[in-house]
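Undergrad: Would you be able to build a 3D model of this:
(chains A and B)
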Amino acid sequence: MPESALAAERKRVTFPLEVGNRINDGHSRMNIFAEIRGAIGSAIEQLAGQSVIPDGIDLSRMNVERPRDATHGEISTNAAMILAKPARRPPRVLAEALADVLSGDERVARVSVAGPGFLNLVLRPEEWLRAVRSALQLGMDYGRNTDGRNRRVNLEFVSANPTGPLHLGHGRGAVFGDALGRLLEYTGHDVTREYYVNDAGSQVDILARSAYLRYLEDAGLDTDFGPESYRGDYLIEVGKSLHEAYGDRLLNTPESRWLPEVRDFAIKRMLRLIKSDLKLLGIRMDRYFHESSLAQDGRIDQALKALRERGLVYRGKLPPPKGRRSVDWEPRRQTLFRSTAHGDDVDRPIRKSDGSWTYFAPDIAYHHDKIARGYDVLINVFGADHGGYVQRLRAVVSALSDGKAHFDIKLIQLVNVVQRDERLKMSKRAGNFVQLQEAVEAVGADVLRFVMLMRRNDAPLDFDFEEVVEKTKDNPVFYVQYAHARTCSVLGRAEAAGFRTCDANLAEVDLGELRHASQIAFARRISEWPRVVEVAARHHEPHRIVFYLTDLARDFHAMWARGNREPELRILDESDVPGTLARLALARASAVVIATGLEILGIAALEEM
RNA sequence: GGCCUCGUAGCUCAGCUGGACAGAGCAACCGCCUCCUAAGCGGUAGGUCACAGGUUCGAAUCCUGUCGGGGCCGCCA
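TA: Next up, the predicted model:
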């Protein structure tokens, strides 16, 4: 798939994933599950009106879902079981009563009560087919919702130290964050993508010294790279640029003189590298927040003041680390944050015993700043190695927002580079850790994005360079793209045969032609899409989109192949115009959903392969 | 030793946040192209959901403990 990154980028930028507004009243109409949920809610109210059950029962635990087992109907709900306790009536009795009401609903074909009190519904086929029409009418907006309206989200991700280009592991966090951002935008959230630049710690001093060594090298001096320096080739050019910019002025001067300037210079260059890596993946940030700005503006002190006002700062000594035998442990008095008051296991140091800030201090200030900027939701995407950090950050956000901010930390597990089932451990020392740029060049941004999203964020991911570009059904990226390409292929052929295949036209065809059980089943799959979006967004889990698309693609391939065996299921049949139009509508609806899903993941759908 | 996280078919993983007899894809076995892309599809077989308790009408899912893998572990960022 040699699609250029640039073309992909262009396509991404033009796609309207901004806040939706077209479907305010269309939301419930296009999501059959939400509709039926509403119908059950009305049925419950009706029973409450007849005093069968009390008013105002909490229905948050009520499920309206597709049962795994087809014999349990098309939609099932546990409503009666939820009601049983507060109503003090057996669930089956309540289920019967609800069934009675619901059987009067024109959308419902059959209702039955099963097991301990499940209510199983079978809808009239038209209800499922309506999803097909919605997909054709709404296009990319089919599935969109407004759950996130009036919710401002700060999404912090990547935040890699500006000491070198990104590697594959960063790439996973980057792709995850970006896809999550897109998903949240699709569901009406106002998202700010933010990158926290650690440009104030000792890491960047090491960077500065490493760049300086390259500068000396470029000036023709013998240089000795100690163990404490970054050796990457990417610094050679920085040394050269330093030499060009400063001439020999930095030679023979004490470190204290050149370090700040060289550091700023090097950081700028590293950020440029990082931004270009992100661009390869089609990712843009709304804001780069520099750690250094916090100390300059006195915002660390402000944040500390805010904590102090809440009585959460004190001077004291930490207990020794539990269990771990540490010979040189001795208690020291320092400034501590009482994070235990907000769920942490131990209080955390803000200042070292010499009075300087710990790394934690700017983080407190940074999150103080995020809260002050008025976000309703804060999301941090971290590498799994930051796991030990989440509790104290939770405590900070809880304390500074007085428990109001919704805070979610997503830990991204490792990426294992795999070759023919052998694991190569990625490590800087072994020199085999893969740079993001290499990976994108090897497999393309779209494939890389898809693969990175195939696993839950908290499960390790195996990445096999060879497998992901294979053109077989073993490769899920290909599999999904192929399904889309096939729909395009058949639509193209239909067009050539004289069918009017534009969406507006297909949206008007008589879907009643779709009578076969497999076709209704396919429509049911299309109907699930809005619900998948809703759940994925609610749980901040973009991988659900990937799994759904894989399922949808499988259904499509199956439907297609079936047409080879059973001629009446063949999509294109010039002797049957109305049937063909209906089947084209079904195929086109699946293409719309695949393209939309891929777009949420930041991937362009392919029209041919 | 403490905290976090994971443990589901031979392998890689889902499991709609507590629902009804546990689901896919690989791999294995058996089938399907004079016909829209076989770059594909259908079928068979395969699991005490690590283990033991507990909560519940109901647990892979929640709680406790044990075992096993990974990560982090005063003033490093």
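Undergrad: domains in chain A, as residue ranges please.
TA: Listed by automatic domain parsing, the domain ranges of chain A are A:27-127, A:472-600.
Undergrad: Packed most tightly, which of those domains would that be?
TA: Using mean count of other CB atoms under 10 Å, the stretch among the domains of chain A with the greatest mean number of neighbours is domain A:472-600 (a mean of 19). C-beta here means a position set from N, CA and C on the backbone, and glycine is covered the same way.
Undergrad: Closest to the centroid, which residue in chain A?
TA: A:Leu180 (2.5 Å; CA atoms, centre = their mean).
Undergrad: Am I right that that residue is in a helix?
TA: Yes - under DSSP: H, G, I helix; E, B strand; the rest coil, A:Leu180 sits within a helix.
Undergrad: Now for it: which residues touch it?
TA: A:155, A:157, A:379, A:381, A:410, A:540, A:542 (CB atoms under 8 Å, 6 or more residues apart in numbering).
Undergrad: and those, which of them are in strands?
TA: Under the assignment DSSP state E, these contribute A:155, A:379, A:381, A:410 to strands.
Undergrad: what's the closest non-adjacent residue to A:Arg257?
TA: A:Leu250 (7.9 Å; CB to CB, 6 or more residues apart in numbering).
Undergrad: and what of A:Leu251?
TA: Closest to A:Leu251 by CB to CB, 6+ apart is A:Ala219, at 6.3 Å.
Undergrad: ok, back up a step: nearest to A:His243, of the contacts of A:Leu180?
TA: Using CB to CB, A:Phe157 is the member of the contacts of A:Leu180 that sits closest to A:His243, with 34.9 Å.
Undergrad: ok, back up a step: okay, the domains of chain A in TSV with distance to A:Gln435 next?
TA: Below are those laid out as TSV (distance: least, CB to CB, whole Å):
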stretch	distance to A:Gln435
domain A:27-127	42
domain A:472-600	21
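Undergrad: Where do the helices of the stretch 201-350 of chain A begin and end?
TA: Remark: helices assigned in the stretch 201-350 of chain A by DSSP state H, counting those that start in this stretch are A:202-218, A:234-246, A:255-280, A:291-296, A:299-309.
Undergrad: Out of those helices, the one nearest RNA strand B is which?
TA: Across these, RNA strand B has its closest neighbour in helix A:202-218 (3.7 Å, CB to the nearest atom of the strand).
Undergrad: any idea of the mean pLDDT in that closest one?
TA: Over the span of helix A:202-218, the pLDDT mean works out to 93.
Undergrad: For it, list every residue counted as buried.
TA: Buried positions in helix A:202-218, judged by neighbour count with 16 or more other CB atoms under 10 Å: A:204-218.
Undergrad: List the contacts of it.
TA: So helix A:202-218 is contacted by A:161-163, A:198, A:223-225, A:228-231, A:235-236, A:238-240, A:242-243, A:246, A:250-251, A:255, A:258-259, A:262-263, A:265-267, A:270 (CB under 8 Å, 6+ apart).
Undergrad: Can you select the buried ones among these for me in ChimeraX?
TA: Buried subset of the contacts of helix A:202-218, written as a ChimeraX selection, criterion 16+ other CB under 10 Å:
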select /A:161,162,163,198,229,230,235,238,239,242,243,246,250,258,259,262,263,265,266,267,270
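Undergrad: List the residues that contact A:Ala558.
TA: A:Ala558 sits next to A:Ser518 when contact means CB under 8 Å, 6+ apart.
Undergrad: Checking my notes, it in a helix, right?
TA: Yes - A:Ala558: assigned to a helix according to three-state DSSP.
Undergrad: distance of it from A:Ile520?
TA: Here the criterion is CB to CB, to the nearest Å. By it, A:Ala558 lies 14 Å from A:Ile520.
Undergrad: before we move on, back to that, mean pLDDT for the domains of chain A: which is lowest?
TA: In terms of average pLDDT, domain A:27-127 trails the rest of these, at a mean of 88.
Undergrad: Quick check: the gap between the residue of the stretch 151-300 of chain A found nearest RNA strand B and A:Thr358.
TA: Among the residues of the stretch 151-300 of chain A, A:Gly201 lies closest to RNA strand B, at 1.9 Å counting by CB to the nearest atom of the strand. The gap separating A:Gly201 from A:Thr358 is 10 Å, by CB to CB.
Undergrad: Phi and psi next, for the residue in chain A sticking out farthest from the centre.
TA: Going by CA atoms, centre = their mean, the residue of chain A most distant from its centre is A:Asn252, 50.0 Å out. Main-chain dihedrals, A:Asn252, degrees, to the nearest 10: phi 50, psi 30.
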